[in-house]
Structures are given as C-alpha cells and as structure tokens.
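Enquirer: how would this look folded up:
(chains A and B)
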Amino acid sequence: MADSDGEYPGSDDDIALGMNGAGPSGKAKDKSLASRPKGRAQAKWEAAASSNWELQEGADGSIEGLLGGLEEAGKRKRLLKDTTPLQRGIIRHTLLILDLSIAMTEKDLRPTRYLLTINYTIMFIREFFEQNPISQLGILGMRDGVAVRVSDMSGNPNDHINAVKTLRGQDPKGNPSLQNALEMARGSLYHTPSHGTREVVIVLGALLSSDPGDIHDTIKSCIKDRIRVSIIGLAAQMHICAEICRKTNSGDDNSYNVAVDEVDFQEILMSITTPPVVRATDTEAQKRNQAALLMMGFPSRIVEKAATLCACHGNLTRGGYLCSRCKAKVCNLPATCPTCDLTLILSTHLARSYHHLFPLRNWVEVPWTRARQKRSTQCFGCLAAFPSVPPADRESTGGAPGGRTRRAEGASESSRYECETCENHFCIDCDVFCHEAVHNCPGCQSSAHLPGAEGAEANGMDGEAMQA
Amino acid sequence: MNVVDATDRTEKQDEAEAPSLLTIILDTNPHAWNLLADTLPLSKAVANLLVFINAHLAINHANRVAVLASHSERAEWLYPTPAHSQENGAAKGSHQDGEDVDMGEEGSSAGQGGPVQSPDDANKYRPFAHVEHAILTNLRRLMSTTTPESLSSTPATMIAGALTLALSYISKQSQSQPAANMTSQFNYSDPTSVAGGNELNPSDSSKHHAALGLSSRILILSVSGDLANQYIPIMNAIFACQRLDIPLDILKLAGDTVFLQQAADASGGIYMALDDAQARAGLLQYLMFAYLPDQGAREHLIVPGEGEGVDFRAACFCHRRIVDIGYVCSICLSIFCEPLADGTCLTCGSHLKLSGYGQRPAVVPKKKKKKKRALEAGGMETPGSEGGTPAPA
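Expert: Numbers count the residues shown, from 1 in each chain, chains lettered A, B, ... in the order given. Okay, the predicted model is just below:
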C-alpha cells in the first residue's frame, strides 16, 4: 500500500488509546500528540540486555580482585546519590492504590502478582511510617471497574496492615479503572492541609483501564489539586500511565516505572518511602497559602498508680501522655489533643526525618598516593585492616589501566573511602552502613577539630544550612 | 571416629548460647568527673567497670567486649586498641614505607586485642589481664594527651561520635560472624537478599537472626549533661540502634540528659540514674544486677526502669533549650522555642507564617469558630490568621 507508511504511526497511537479505553479518541489523540516527549529514553530492560560483561583478567590471570571490586562498586552505586540538601515534603499525605483486578492473578511474579503485591504493601507501610512518621497514608483498591476503599487516611501503620491482610482472603476480579481510582483519591486528599504533600501511588498490573468518562479531565483536576501521581506497572509500559505521571509531576516522567522482576518491584516501591523533593511550583503554591510554623507539644509519658480515663477514647488506661498545654491524657502519639487541639508528637518522630534534610556527604575514593600520604592502616570506624600500601616503585606499574589493581568502576583502588570533612579513611562496609543506617560520620562526630571544615560545621546541626 | 565426634560437637555448639558483644561507652569528661571526685572518683569507677567486663567475659567464652571513651573533644577507642594511637604514642614521624606495611599487620591483630602487650601474670586469667591492661594503658594515654587548652574550650563530651564508632564496629563484627545475619541487618541496603520476595517483614526476621548470630548491646556510662548540641547525630544513632535491634543501656551517674533516656526507651534498653552518693557507692552492684544479663536473659527477667515515665521533651534549635511546647517549621521540621521574630526559619530560611493558634493564650471559643470557618473555606486554613503574622521584611 502506498500510504501504509503514513498510517503506521497513527495506528500505533490507536493502540495506545485503545488500552486506556478512555473518551472520544480524536480529542484524546490531539492531546497525547501535543504532550508527547521529544525523544524516547532507553527502557530499563533494554539497558539490562545491552550491558556487556567485560571481565578483564588481571595480569596474573586471576579475576578475584576484579570481582571483589564489582561487589564493592555495586554496594557503592546504591549509596552515591545526590547529597545536596533539598527541600523535601516531610509532611506527606499519600494514597496507595492497589490493582485488585483479574490481571493480578498472573503468576509472572512469584507466587502471584496479587500475593506479592500484598506482601510488599505490608513492607511498604512499615517502611513508610519509619521514614515519614508524621505523615498520613490511605489505601484504595481498583476492582470490578470501581474504586474500593481498603483503609482510611490515618497515621497508624497497624490499621493499614490489618486492612491489607484481610485482602489475602479475597480474590482479584474485574477490570481496574484508573479514572475512578484517581477521582476517589482526589476526594480523600481534598481536605488535607496545604503545608503537606498530596501523593497518589498506583500499583497497576493490568494493561487496560475501563473508565466511565474522560480521564484527561481527571488528570487536569489532579494537577489543579497539586496531586502527584506515581505509577508502578507490573506488566508493560502504557501510554496513559506515562501521561498521568508526566502531567501531574510537572513534566518529570521518572515517577512511572515498570518493574522487571520481584527485586525491581520492591526497590521501586521502597524508593517511594523517601520524602519527595519539593519543586519550585509547589513552593509557589505553598507561598500562596502558607501555614508554615506549627505549634506542637512534646508530651512526656507518665505511668499512674490507678487507671484513669483517656481523653481521646474514654478508655481506662494506666499510663499515657499528658498534653503539654492542657494536661489532658491521650493514650497514643502522634495525636491531636481532644481538649485544646494542640498537635502532640514525640520529638523522636520529628528527628527521624532529619537525615533526609541533612544528608551525610558522599565519601570519595582514595588513590594509593593519598593512602600513603595519610598512612591509614585500618578503618576509622570498625578498626578492620586495610590492604597495605604497595611500595612507591611498584605502584606506577600497578596503577596502569588493565593492571592488577584496576577495579570496577566506582570502587576505590585502595579499598579506602575518605570523608572529606574529617579526612578519615573508612572501609566499604562502614561506608554503606554510615550512609544507609546511621547517617552520621564517625570521624566528624568524634573530633571537635575537623581539618576539612572551618569550625562552623563542627556541630552537625547548624553546619549544613538547607537551601530553601 | 574422630570425624563423627567432631561433627557431633559442632552441632552441639550451635545450640549453645549465642555470643554477645558488649560495647561500653565511658564518658570521660574531666569536668564532670571532677564534680564527682569526692563520691566516686574515676579510678574507682573504672575498677568497678573492669570487674563488670570480666564478669561479662566469664559468662560465655565467646563473649566479646569493646570499650570507647567519649572524651571532652574527641571519642577514642580504649579496647580494642586502634593501630594509629600506638603510632602516635611511639616516636612520631620518621616512618619508612616498609614500616607502614608492618603497621598494617599489627592493625589486623588489633581486632583481637591490640598490639599493647600485657604483662604475663600467672595468677590472672589471660583474657582478663589482656583487656584490663589495654583499657588502663589507653585511658592513661588519653588523659596524658589532654591539654588544659582543650579542656577549657568545651565542657561537653562526644557521645554522638562514640555511639557512631560503636555502631560501625558492631555492624562489622556481626557481619563477620559466621552465623551470617547479613540478610537481617543489611536488607535495607541489599535488595537481592530478599530476592525470593516472600520475606514478609524485615523486623521479625531480624529478631530471628539476632538470636542465631552475635547479639550486641551498648552501655553508656554517662556523667555529663547538656548534649543538646549533638541532638541530630545522637538521634540518628538511636534510630540506627532501633533498626539493628541493639539495646542502648544507660547508667547515668550525674548530669541531666533527656535524650539518653529517650534513647534507652526507643531501643529497648535499661535506663537508670544514680543520683545520690549512696547509690553511686553501689555502682558495681547496679552494673552486675541490672546490666549484665543480655537480651536473651532479659526476656525472662523483670528489668529495672519498666513502668516509669519517660521524658520526651525536645531541644529547640535556636537556644538549645529543652521545651515541651515548641514551634515547628513545616518545611524542615526545626523546633523553635518561641515564635520567630521576623518569620524566617533559622535553618532553611523559608518564610513562615504563624497559624492562628500560635497566639497565646489560646482561647477555646475562638478555636471553634475558626474550625467552622476552615470547613467552609474547604480546607484553607490560613485566611483567619493573617492579622497576627509579623510582617516579613
């Protein structure tokens, strides 16, 4: 056919629209064409398929050093993130939308997509409240073409976990409806205060969405309500999902991911527990309706001789927290004092979020010359011995490309990693541990005089001022 | 026959009690010990501590100990001895490259006990003598290198640094433990460890693994108060403890440390305060009865400190005051003890508008009115509060 070439892109578009099954196709087509991204980035599975496994043997024929380096490089790759302090939305209001449609019975993720999603959701809930203790979460489901409420917005992880566990006894059925789910999410997030974020996370197993109306209208109202949507696909990329994510995240399409396997699914889901970066447009929106200095009470826990009624539920309890302002007793934190409306919170809840705001700087790799200069023989943190520094004359040949000391990208040739502030050397395990678990540098914290900083940074608190 | 015997024995050893690593952080702040000098001098406290350490080592042959000093301006290892401190103690400089290699080898032996040679005493169990000698030598060196200038510069102590050092040491030790609780402790960083995908919750599994591998705990012997300037690092360390299931035991001899009590509460450790001279005289008894049992034994004991209130107040970022009602910046969560004068957050510099309830005293009827209005406005909270806001410059 002569005009088959011209038809091809059009039919491609029809397929994409057919998948979302939404609205009059002509109108939607115009929009999708207008908002299509310029170039297509490489998909994740393509990157995995094209990575070549160049294993270069060392001079003596052993690949041991190289493999060790690969392992270290892998550990470090996870660590090396941008540590510029960014403004993050710490007070989050998030709705998790689970696909409970027939597509979730597929067994491509073990044991089934449905059960795996439920298991990961429970992990997600725990981790979410670990990372965002003063945030609110709610869970919705998509089943039979409608949105169902699994658990209400609340700050108590156990409520959600119990609700999700009851899902195990039910079977997924029907079709999902992205539009219905988004509309319900919009309704649930409508009353949330303006100083928090509004987020929707969708786990979508199906490759279709059966919607009652035009989903593009829903997308528009989501944008208006400052709702950010991120979607995790379990099957394949869908045009409408990419569009929802791009439009609600002001053009940034990183929030749409398709999981290639179980591990990938877990990683994507868990990455959402990190508070999102606040964008400039959001800041403007916040300026318009700012309510930024909140009065909060930090009550102490008391234990009483005899049980008394708590002000929140009217239950008899033998302990609890006294409101700092009106001395009413509440039994659980965080809470709002039922008498005087003061927000009551544990200071540890706030402190949990500080490492997002004051991240630990990345440590740098140490070349042999620097290691010799510093004479470091063991890790400053865990006292594990480093490999000894080779004599200066051998180093010139050893450091050459392809030589024995060459290691994988990202791993340090001397197995040492240096904190630039306190100039101490650490091993890879301490590097991982300090950046992922403690968020402190052992060296910077254990000396009052830091060579790499000018006095001011000595006490981590006011050292790293945040950029607004 | 030998082979059969040997396998039998290893299987039995698996059922034996898990070794535990006790990490002690000794607050050696000279200012604070000076105040305590007439009731409990440092030398006496250290002597008691050594008896306690020996008791810990005697319970299980595989038990291990690590001791850190949190000094006035630095945190130092007392046991095991790090290689560099010996280097500092020896003649400085004039090291050849060849000598550096030697140091590296010594560093590896430091993990087990340190290069500090202990005198051979036939009347003493060798590991006891070893630990004692190392701790006393290092403590003496620490004291002799403390200069009057460094003392006058700061009255505080480096608890946060000592905690971070202790945690990284513990993490390395439990990783190298053959029982391999890698998956429990590092699943947050290593997604492949749960590649099967059916591990339901990390917290349960970590408890399970901790029972098999090395169980660690930290004891802080605290004498100084005022740790407010290390608030964030201390809190970070506490959360790491919580995550790794490491109880933080606190024995407070003096000073007022709100955060350490929170630390003990959050991580499931024991908090005790010996406030009067009589209680301090019984230091060893307190150590032995309250702090010697490890996590496994504590499940069967009624531990002290349970059923007591906990002080959960926070330190404000502006004056380091301890407050129970504070003003929190909704963007960076900094705590301030009073409304900010110019409405600009001291930490993140953003413009803050104080909502209506910041105006003291809060009057209840007004509240109700405001709430209604907020509902009518559909979630917009601010309109009612604009009058009270200090004008931004």
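
Enquirer: is there proximity between stretch A:165-184 and chain B?
Expert: No - figure legend: stretch A:165-184 not in contact with chain B (C-beta under 8 Å from any C-beta of the partner chain); closest approach 10.2 Å. Just so you know, the C-beta spots here come from the backbone N, C-alpha and C atoms, and that holds for glycine as well.

Enquirer: for chain A, longest helix please?
Expert: helix A:113-131 (DSSP state H).

Enquirer: name the SS class of the residue of the stretch 101-250 of chain A found nearest chain B, please.
Expert: Nearest residue of the stretch 101-250 of chain A to chain B, counting by C-beta to the nearest C-beta: A:H195, 4.2 Å away. Put simply, A:H195 is coil when judged by DSSP: H, G, I helix; E, B strand; the rest coil.

Enquirer: that one - how many residues pack around it?
Expert: Using other C-beta atoms under 10 Å in any protein chain shown, A:H195 has 22 neighbouring residues.

Enquirer: was I right about it contacting A:I90?
Expert: No - judged on C-beta atoms under 8 Å, A:H195 makes no contact with A:I90 at a distance of 9.6 Å.

Enquirer: can you list residues touching both of these two?
Expert: Contact criterion C-beta atoms under 8 Å, 6 or more residues apart in numbering or on different chains; residues shared by A:H195 and A:I90: B:S330, B:I331.

Enquirer: returning to that earlier point: for the longest helix of chain A, name the packing helices and strands.
Expert: strand A:92-99, strand A:136-143, helix A:157-167, helix A:262-271, helix B:202-212 (3 or more C-beta pairs under 8 Å, 6 or more residues apart in numbering or on different chains; DSSP states H and E).

Enquirer: list the buried ones in the third one?
Expert: Neighbour-count burial for helix A:157-167, with 16 or more other C-beta atoms under 10 Å in any protein chain shown as criterion, is recorded at A:P157, A:D159, A:H160, A:I161, A:A163, A:V164, A:L167.

Enquirer: C-terminal to that helix, what's the next element?
Expert: The C-terminal neighbour of helix A:157-167 among helices and strands, as given by DSSP states H and E, is helix A:178-189.

Enquirer: and the angle from that next one to strand A:92-99?
Expert: Interaxial angle of helix A:178-189 relative to strand A:92-99 (axes from the mean of the first three to the mean of the last three C-alpha atoms, to 10 degrees): 150 degrees.

Enquirer: any residues touching helix A:178-189, and which ones?
Expert: Residues contacting helix A:178-189 (C-beta under 8 Å, 6+ apart): A:20, A:22, A:93, A:95, A:97, A:138, A:140, A:142, A:145-147, A:149, A:152-153, A:198, A:200, A:202, A:204, A:209, A:211-213, A:215, A:218-219, A:221-222, A:225, A:227, A:229, A:240-241, A:244.

Enquirer: from those residues, which ones fall inside strands?
Expert: Counting by DSSP state E, the part of those found in strands is A:93, A:95, A:97, A:138, A:140, A:142, A:146-147, A:149, A:152-153, A:198, A:200, A:202, A:204, A:227, A:229.

Enquirer: near chain B too, which of those residues?
Expert: Filtered for proximity to chain B (C-beta under 8 Å from any C-beta), these leave an empty set.

Enquirer: could you flag which of those are buried?
Expert: Judged by 16+ other C-beta under 10 Å, buried ones among the ones in strands among the contacts of helix A:178-189: A:93, A:95, A:97, A:138, A:140, A:142, A:146-147, A:153, A:198, A:200, A:202, A:204, A:227, A:229.

Enquirer: which of those residues has the weakest pLDDT?
Expert: By pLDDT, A:M153 ranks lowest within those, coming in at 85.

Enquirer: for the closest residue to chain B within chain A, which non-adjacent residue is spatially closest?
Expert: As assessed by C-beta to the nearest C-beta, chain B sits closest to A:S446 within chain A, at 2.8 Å. Excluding its sequence neighbours, the residue lying closest to A:S446 (C-beta to C-beta, 6 or more residues apart in numbering or on different chains) is B:G161, at 2.8 Å.

Enquirer: ok so, going back, mind putting the helices and strands packed on helix A:113-131 into CSV with distance to B:H351?
Expert: CSV is the format used below for the helices and strands packed on helix A:113-131 (distance: least, C-beta to C-beta, whole Å):
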stretch, distance to B:H351
strand A:92-99, 21
strand A:136-143, 25
helix A:157-167, 33
helix A:262-271, 31
helix B:202-212, 40
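
Enquirer: any idea which of these scores lowest on pLDDT?
Expert: Among those, helix B:202-212 scores lowest, at a mean of 42.

Enquirer: hmm, the next helix or strand after that one touching chain A?
Expert: Downstream of helix B:202-212, the next assigned helix or strand under DSSP H and E is strand B:215-222. No - if you take C-beta under 8 Å from any C-beta as the test, strand B:215-222 misses chain A, and the best it gets is 12.6 Å.

Enquirer: what pairs with strand B:215-222, parallel or antiparallel?
Expert: strand B:20-27 (parallel), strand B:248-252 (parallel) (DSSP bridges).

Enquirer: separation between the residue of the stretch 101-250 of chain A closest to chain B and A:K247?
Expert: 24 Å (C-beta to C-beta, to the nearest Å).

Enquirer: before we move on, what about B:S153?
Expert: In terms of C-beta to C-beta, B:S153 sits 56 Å off from A:K247.

Enquirer: where does the closest residue to A:F265 other than its chain neighbours fall, phi/psi-wise?
Expert: Leaving aside its sequence neighbours, A:F265 sits nearest to A:A259 (C-beta to C-beta, 6+ apart; 3.6 Å). Main-chain dihedrals, A:A259, degrees, to the nearest 10: phi -80, psi 130.

Enquirer: with B:Q175 instead?
Expert: Dihedral angles (degrees, to the nearest 10) for B:Q175: phi -70, psi -40.

Enquirer: do you know how far it is from B:L167?
Expert: 12 Å.

Enquirer: can you check A:I240 too?
Expert: Relative to B:L167, A:I240 is positioned 47 Å away (C-beta to C-beta).

Enquirer: which one's more surrounded, those two?
Expert: Taking other C-beta under 10 Å, A:I240 and B:L167 do not tie; B:L167 has more neighbours (28 against 24).

Enquirer: which elements pack onto the helix or strand encompassing that one?
Expert: Assigned by DSSP H and E, B:L167 belongs to helix B:159-176. Applying 3+ C-beta pairs under 8 Å, 6+ apart, one finds that helix B:159-176 contacts helix A:428-433, helix A:442-445, strand B:20-27, strand B:64-70, strand B:75-79, helix B:182-186, strand B:215-222, helix B:231-244.

Enquirer: which among the helices and strands packed on helix A:113-131 is found nearest to A:V438?
Expert: The closest of the helices and strands packed on helix A:113-131 to A:V438 is helix B:202-212. By C-beta to C-beta, the value is 16.2 Å.

Enquirer: quick one: stretch B:319-332 near chain A?
Expert: Yes - applying C-beta under 8 Å from any C-beta, one finds stretch B:319-332 touching chain A at B:V323, B:D324, B:I325, B:G326, B:Y327, B:V328, B:C329, B:S330, B:I331, B:C332.

Enquirer: tell me the pLDDT at the fifth one?
Expert: Read that as B:Y327. 84.

Enquirer: quick one, strands of the stretch 251-400 of chain A?
Expert: Per DSSP state E, counting those that start in this stretch, the stretch 251-400 of chain A carries strands over the ranges A:256-258, A:293-297, A:301-309, A:316-322, A:329-330, A:335-336, A:343-344, A:364-365.

Enquirer: good, wrapping up.
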